[in-house]
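J.: Curious how this folds, go ahead:
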Amino acid sequence: MSKPERKTISIELIKPHRHAGRDYKPGAVLRLAEDKAEWLKAEGVAKDAPAAVDPPAAKPAASSKNKE
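T.: From the prediction side, this is the model:
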């Protein structure tokens, strides 16, 4: 029997945070299990991460035609 997949969410740290011996600075965006992310938000260490912004679609390069 396989484990159910845990939902993950992105959060942004608003205070320094240490986890498993690694330091994270404010502004770092982490993707965590929902329960852990909610705990950090409740402790005032993190907030919801801003929605990811897709980069604008690349425009094809203008073709250069030789003018004679």
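J.: and residue 14, what does it touch?
T.: 26, 44-47 (Cβ atoms under 8 Å, 6 or more residues apart in numbering). Every C-beta, even on glycine, is put in place using the N, C-alpha and C of the backbone.
J.: Now with 10 Å, please.
T.: 26-28, 40-41, 44-47 (Cβ atoms under 10 Å, 6 or more residues apart in numbering).
J.: for the chain, what helix or strand is lowest in average pLDDT?
T.: Lowest by mean pLDDT, DSSP states H and E among the helices and strands of the chain is strand 17-19, with a mean of 88.
J.: Which residues outside the next helix or strand along the chain from that one are in contact with it?
T.: Sequence-wise, the next helix or strand downstream of strand 17-19 (DSSP states H and E) is strand 22-24. Strand 22-24 is contacted from outside by 13, 15-18, 30, 45-46, using Cβ under 10 Å, 6+ apart.
J.: Please repeat the previous calculation with a cut-off of 8 Å.
T.: 13, 16-18, 30.
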